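Q: With the sequence up front, the predicted model follows.
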Amino acid sequence: MTGFALAEIADPTLYGNPQRLQAFFGWLRDEHPVAWVEVPGVRPFWVVSRHADVRDVERQAAIFRAGPRNTLMPIEVEEANRHLFGVETGFESLVAIDGDRHQELRAMTQDYFLPKNIRRLENMVDGLARDFVERLAGLGGACDIAKDVVFWYPLRVAMTILGIGPEDEARMLHLTHELFGSSDPEICRPGLSQAEHLVAVKNDYITFFDAVTADRLAHPRDDVATLIAQGLPGDRDLTGEERLGYYVIVATAGHDTTAASTVGGIRAIIEDPSLLARLRADPALIRPFVNEAIRYTAPVKHFFRNVAQDHVIAGVPVKAGEHVMLSYGAATRDEAAFPDAQRFVPDRTPNNHLAFGYGPHQCLGQFLAKLEMEAFFRVFVERVETIEADGQPLYTEAPFVTGIKSMKVRYTLRDPA
């Protein structure tokens, strides 16, 4: 595929076409590794697409700040957010906060998500993995495995950790898809502009989580929602925006990206049916398989960094006040870092991808995400005998968090163990 233009990186429809998207990313890495992008209706920015350069920028948090500009949004959306909520991102979450304040907020829940502590969640996660894979038995050998099964599994894990009941799951899943898929015409609320849609979504989150805060302050529990509701120790409490942003990052990033990577892993199995037998025969392969599914899928396609002082990226000078898009979607397929990067290699080693970011803003929930996926595929490969596509998968048309939104399959099951 040829005939690319740099401005396409802001076109949501590009992300709904994975073949063209990967060809575009290859073109970026090869011909425009540090490129200045101008798009009507969007503030201009640099885009960095090579693995080594993205990692180098992430390491220098004092020069490349996470906020205030954090993701790609039209100027109209940024201005509406700034006017109504005081922050152009719409949510003042950990991913857009820097320095000591970022570390202070991250420390509130960081211990909860460390490997040594998430081990206490293993039994819960294993049980949920088995429950959700077992849903296949009641779906008659054909289903939309994304919508009917996978989306609900990491959501239930995230809601359990937050302490939110199953009765609110459908609402949370719908809001998450509305937040990340606001540029997809199938997802945006009818009759609303993207800015109006996102304002409505945020107000729905405010209504929901204000009630959660009131409940946890009155009735504390052993869950993350209580940690967020109670806030920081001492005199410096969370602001309303910080608290809401914290809830939303746990409730959304805590499941949507994991679901996207899981569906990506299932698609890899569909494209190479021998993987089912390989994973069954060698359970130790599941861990690198999961890491490869995360690399290959890279659900978070970018974050922005704000240039705090003049600097040079791969020989290209960038100026203080400018903005840099870190293209994780391109960096995770960089041949310089991953030989045969366009191929899914289940035992790829090393596999130091950047799908979880790097540096001080590296994903807080990465160990939990891997735990969930490993539990799911342990059960999946034991229970599923065959699986094949029943049509082409559909991808969300969105430039920030994106992946398969629908994947119809036909399958047969093995007898349960």
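A: Everything's here; your move.
Q: now the strands: where do they sit in the stretch 1-150 of the chain?
A: 34-39, 42-48, 64-65, 142-144 (DSSP state E, counting those that start in this stretch).
Q: Could you name the helices and strands sitting against the longest one?
A: The criterion is 3 or more Cβ pairs under 8 Å, 6 or more residues apart in numbering; DSSP states H and E, and the helices and strands that strand 42-48 contacts are strand 34-39, helix 75-85, strand 323-327. C-beta: built from backbone N, CA, C; applies to glycine.
Q: which residues are contacting the shortest one?
A: When contacts are defined by Cβ atoms under 8 Å, 6 or more residues apart in numbering, strand 323-327 is touched by residues 9, 25, 28, 37, 43-49, 54, 57-58, 64, 69, 72, 301-307, 313, 318.
Q: List the buried residues for that strand?
A: His323, Val324, Met325, Leu326, Ser327 (16 or more other Cβ atoms under 10 Å).
Q: Bridged to the fourth one, which residues?
A: Legend: beta-bridge partners of Leu326 under DSSP bridges are Val48, Phe303.
Q: follow-up on the earlier one: quick one: closest of the helices and strands packed on strand 42-48 to Met108.
A: Smallest distance to Met108 across the helices and strands packed on strand 42-48 (Cβ to Cβ): 21.6 Å, for helix 75-85.
Q: Alpha carbons only: can I get that closest one in CSV?
A: Extracted in CSV, the C-alpha atoms of helix 75-85 (Å, rounded to 0.1, in the frame of the first residue of the first chain):
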residue,chain,number,x,y,z
ILE,A,75,-9.4,21.3,19.2
GLU,A,76,-13.1,21.5,19.6
VAL,A,77,-13.1,18.7,22.1
GLU,A,78,-10.1,20.1,24.0
GLU,A,79,-11.7,23.5,24.3
ALA,A,80,-15.0,22.0,25.5
ASN,A,81,-13.2,20.0,28.2
ARG,A,82,-11.2,22.9,29.3
HIS,A,83,-14.3,25.1,29.5
LEU,A,84,-16.5,22.6,31.4
PHE,A,85,-13.9,20.6,33.4
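Q: Quick check: mean pLDDT of stretch 238-247?
A: Stretch 238-247 shows a mean pLDDT of 91.
Q: And the pLDDT at Thr176?
A: 94.
Q: Where does it sit, in terms of helix or strand?
A: In the assignment (DSSP states H and E), Thr176 maps to helix 169-180.
Q: and the next element down the chain from that helix?
A: helix 194-218.
Q: Could you pull out the buried residues of that following helix?
A: Buried-residue list, helix 194-218, by 16+ other Cβ under 10 Å: 194-195, 197-199, 201-202, 205-206, 208-209, 212-213, 216.
Q: That one relative to helix 169-180, how many degrees between them?
A: Angle of helix 194-218 versus helix 169-180, following axes from the mean of the first three to the mean of the last three Cα atoms, to 10 degrees, is 140 degrees.
Q: Distance from the next helix-or-strand element following helix 194-218 to the middle of the chain?
A: The element immediately downstream of helix 194-218 (helix or strand, assigned by DSSP H and E) is helix 224-230. Helix 224-230 sits 22 Å away from the centroid of its parent chain (Cα atoms, centre = their mean, to the nearest Å).
Q: contact partners of helix 224-230?
A: Under Cβ under 8 Å, 6+ apart, the answer for helix 224-230 is 108-109, 112, 161-164, 212-213, 216-217, 220, 238, 243, 246-247, 250.
Q: Give me the buried subset of those.
A: Buried among the contacts of helix 224-230 (16+ other Cβ under 10 Å): 108-109, 112, 161-164, 212-213, 216, 238, 243, 246-247, 250.
Q: where in this structure is pLDDT low?
A: Applying pLDDT under 70 to the chain flags residues 1-2, 235.
Q: Okay, and the residue minimising distance to the centre of it sits in which element?
A: Geometric centre of the chain, nearest residue: Thr257, 3.3 Å, by Cα atoms, centre = their mean. Assigned by DSSP H and E, Thr257 falls within helix 256-271.
Q: For that helix, enumerate the helices and strands it packs against.
A: helix 152-162, helix 169-180, helix 274-281, helix 286-297, helix 366-383, strand 384-389, strand 404-406.
Q: Relative to Leu354, which of those is closest?
A: Taking the helices and strands packed on helix 256-271 one by one with Cβ to Cβ, helix 286-297 is closest: 8.7 Å.
Q: Which strands and helices lie in contact with the closest one?
A: Short answer (3+ Cβ pairs under 8 Å, 6+ apart): helix 286-297 packs on helix 256-271, helix 274-281, helix 366-383.
Q: which of these is buried the deepest?
A: Each of the helices and strands packed on helix 286-297 was scored by mean neighbour count; the highest is helix 256-271, a mean of 24, by mean count of other Cβ atoms under 10 Å.
Q: Next, the angle helix 152-162 makes with it.
A: 150 degrees.
Q: Compute the inter-axis angle for helix 256-271 and helix 286-297.
A: 100 degrees.
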